[in-house]
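Visitor: task: produce atomic coordinates for the following.
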Amino acid sequence: MPLAIALTVALSGLFCVVFSTLGVLRYAAMNSHQTDLALMDQLVWTTLHGQFMRTTLQGSLDNFLAYHVEPIMALISPLYLLIPSAGVLVVLQVIGLGVSAIPLALWAHKRLDSGLAAVLVALGFLLNPVLAHNNDLLFEQIPLSVPFLTWGFYFQLQRRWKAVGVCLILALAVREEIAFVVMAMGLYALLVQRQRIGWAILGGGFAWAALALGVVIPHFNGGHGLYWATAYAYLGGDTPLAIARNALTHPQLVVQHLLSPPRPLWTLALLAPLGFLPLLGWRVAWLALPTLGYLLLGEGYYDSNSWYPAPMLPFLFFGAIEGIALLRRYVPAAAPAVFLVAAAAVSFHQNGAGPGTNFYFPAGYDVTPHARAAQAMTASVPRELSVSATPQIIAHLSQRMDVSIFPELLVPRDVFAIDFIGWRGWHGYPAMYDDYDQALRRVLRDPAYGAFYQGDGLLLLRRGVYPAPAAHPAGVPLGGKIELMGFDGPAAIQPGQPLTVHLHWRAGAPPDQQYTVSLQLGGAAGDKLAQRDSWPWDGYFPTMEWPAGREIDDPHTLNVPPSITPGQYRLFVSVYALDNGQAKPLLTPAGETGVFIGPFTIRQ
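Guide: Presented below is the predicted three-dimensional model:
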């Protein structure tokens, strides 16, 4: 193996290790929206369990074939027999993108007759910001086409047609629009390489497009048109033929659309990380036009940091190699290759994702105690139960037949799993769902569900399952508005160990004020050793949202000093509202400002 190729394999391996690790950590950290990963995870899991391409996360139809044709997910499903985790998909995508650098280096080594240039081209590819964002997004289907298209075109340039056929079949299995790319590769074989097998490639791509778009999707969606046709609504029509016909008959409208912002800048942003070298190698780079065309013609697809441009990358880089070959007449091949890497490095830093970029967010990869608590909560939900979950945690609950995003599809479920972290309160979910607060209010007030607050912003609501009655009844009314029904707590703890008690509340009528719960730990002498004041559920279930008559299990954790003397202690529980900065507690019938509960034993 030439040294340059060995170095490229090493770079590819390093890329796979680093970004696989980061991806798995980001998945485990559960502090980003993971809805697309959850969708793909459910597809693979349901297919493996006998329900081919079943999903409840895409829309009203429960088979993904009503939206897209992606049999590659069925081919992936046996991997779940070994490791049944969405993390498998994360690692698989990284590996696919990483190994795509190898055929580029192989071709650059041959075409440019320079080992250094070959390594630099591969490095430029691995630094491309589109790849970085694809990895940061954890998993999307379309980037899976990159290794098959890159290896396929490399084999096509080598005229190894059997290998080309295998690669293109796998590429077509990724998604229906890859058929347009395959058709372009067939034209390249016919017009540039003068190979009659190009007819077979062209025909195969056309046949797959016709089957997927004209038969499979209409069959599974009941003939209601293509899911993505709304992106081309300005052209009219809901089929590829109708859209193409209208585009051809209204060229002025198409040109006006293509030149409208931000499309020209987006196109430049795609070329900038390659130092615009594909423009010199246009005789190959034009193979990126099918993907570029359907993205520019549509609405909402022109984000250079999304997964949509991924199928263009192989041909842009093969085009860059041709551009470097053209420049070899004037300078050594390594010089423009260095320029390519410099452009890629600057773009990676400015626009990429992950370490070494402006958008690097270290906390996004930190598996915090909150994340571990969320993992424990999601693991406690049996797979036979239907679930609605918030986007941060849904990819850890998606291996079941029925799962939905809370609150995008608010329908009855066996379990609602909610992570409040990142939610900005009862006035709407940030930049996502205007009805988040209304949906949460609705399920919290539904008497069919028992609420189990796990602490640290994590909540489970289970249909027909309710918290057990308080082990220690109290039955103390406070201010005639709220009743402390009782409490649960540990029999004994050690010094320095957190003391968690569950207070059981009930409101006779919805409270008209926000009340704070205060817990004070004291001994027989009445001394105060620790205190914690907070709204119920760490502030995520304020008293003004309490429904009348519902028992609320409200856990509170108090930090006990390590220096505390072993013995018997009590907690003083009070509920107060703030009036001009002054605490006004709710009084007991005896006129007391709170209730003593306990005792709690602290022992060595």
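
Visitor: my guess is L120 contacts V341. True?
Guide: Yes: between L120 and V341 a contact is recorded at 5.0 Å, counting by CB atoms under 8 Å. Glycine gets a C-beta too; all of them are placed from N, C-alpha and C.

Visitor: so which of those two has more stuff around it?
Guide: L120 (28 against 21; other CB atoms under 10 Å).

Visitor: name the nearest residue to the more buried one, sequence neighbours excluded.
Guide: Distances taken as CB to CB, 6 or more residues apart in numbering put A337 closest to L120, at 3.8 Å, once the chain neighbours are dropped.

Visitor: for the one you found, pull up the helix or strand it's in.
Guide: Here A337, judged by DSSP states H and E, is contained in helix 334-351.

Visitor: which residues sit against that helix?
Guide: 108, 112, 114, 116-117, 120-121, 123-125, 127-129, 132, 269, 272-275, 277, 304-305, 320, 323-324, 327, 356-359 (CB atoms under 8 Å, 6 or more residues apart in numbering).

Visitor: give the buried residues for that helix.
Guide: 334, 336-341, 343-348, 351 (16 or more other CB atoms under 10 Å).

Visitor: where does the prediction get shaky in the stretch 401-550 of the chain?
Guide: Residue ranges of the stretch 401-550 of the chain with pLDDT under 70: 409-411, 422-436, 524-526.

Visitor: that one: helices as residue ranges?
Guide: Using DSSP state H, counting those that start in this stretch, the helices of the stretch 401-550 of the chain run over 436-444.

Visitor: and H224, what pLDDT?
Guide: H224 is assigned 79 on the pLDDT scale.

Visitor: what about it, which SS state?
Guide: coil (DSSP: H, G, I helix; E, B strand; the rest coil).

Visitor: ok, longest helix in this protein?
Guide: helix 3-29 (DSSP state H).

Visitor: on contacts alone, who are the packing partners of that one?
Guide: If you count contacts as 3 or more CB pairs under 8 Å, 6 or more residues apart in numbering; DSSP states H and E, helix 3-29 packs onto helix 87-99, helix 101-112, helix 115-126, helix 129-136, helix 369-379.

Visitor: just how off-centre is the least confident helix or strand in the chain by mean pLDDT within its chain?
Guide: Counting by mean pLDDT, DSSP states H and E, the weakest-scoring helix or strand in the chain turns out to be helix 436-444, with a mean of 78. Between the centre of helix 436-444 and the centre of its chain there are 23 Å (CA atoms, centre = their mean, to the nearest Å).

Visitor: and that helix, what's buried?
Guide: Y436, D437, A439, L440, V443, L444.

Visitor: could you identify the helix or strand that succeeds the longest helix of the chain?
Guide: Counting by DSSP H and E, what follows helix 3-29 is helix 35-48.

Visitor: list the contacts of that next one.
Guide: So helix 35-48 is contacted by 27, 52-58, 64, 70, 73-74, 76-81, 84, 86, 89-90, 137-141, 391, 394-395, 397-401, 403, 405 (CB under 8 Å, 6+ apart).

Visitor: please state the offset of it from the chain centre?
Guide: 12 Å.

Visitor: kindly report the same for stretch 348-367.
Guide: On CA atoms, centre = their mean, the centre of stretch 348-367 falls 16 Å from that of its chain.

Visitor: then stretch 36-53?
Guide: With CA atoms, centre = their mean, you get 15 Å for stretch 36-53.

Visitor: can you pull the buried residues of that stretch?
Guide: In stretch 36-53, counting by 16+ other CB under 10 Å, buried: 36-48, 52-53.

Visitor: next, A74: phi, psi?
Guide: phi -70, psi -40 (degrees, to the nearest 10).

Visitor: isn't it right next to G50, touching?
Guide: No: applying CB under 8 Å, one finds A74 not in contact with G50, separated by 11.7 Å.

Visitor: what residues are up against V573?
Guide: By CB under 8 Å, 6+ apart, the neighbours of V573 are L484, F487, L503, V517, S518, L519, G594, V595, F596, I597.

Visitor: can I take it that the last one is in a strand?
Guide: When you say that, I think you mean I597. Yes: when three-state DSSP is applied, I597 is found to be in a strand.

Visitor: tally of neighbours for it?
Guide: 20.

Visitor: out of the buried residues of helix 334-351, the closest to D366 would be?
Guide: F348 (22.3 Å; CB to CB).

Visitor: how far away is the closest one from V517?
Guide: Remark: distance between F348 and V517 (CB to CB, to the nearest Å) = 49 Å.

Visitor: the top strand by length along the chain pairs with which strands, and in what direction?
Guide: Criterion DSSP state E: the longest strand present in the chain is strand 567-579. Strand pairing for strand 567-579, determined by DSSP bridges: strand 516-522 (antiparallel), strand 582-585 (antiparallel), strand 595-602 (antiparallel).

Visitor: which of these is buried the deepest?
Guide: strand 516-522 (a mean of 20; mean count of other CB atoms under 10 Å).
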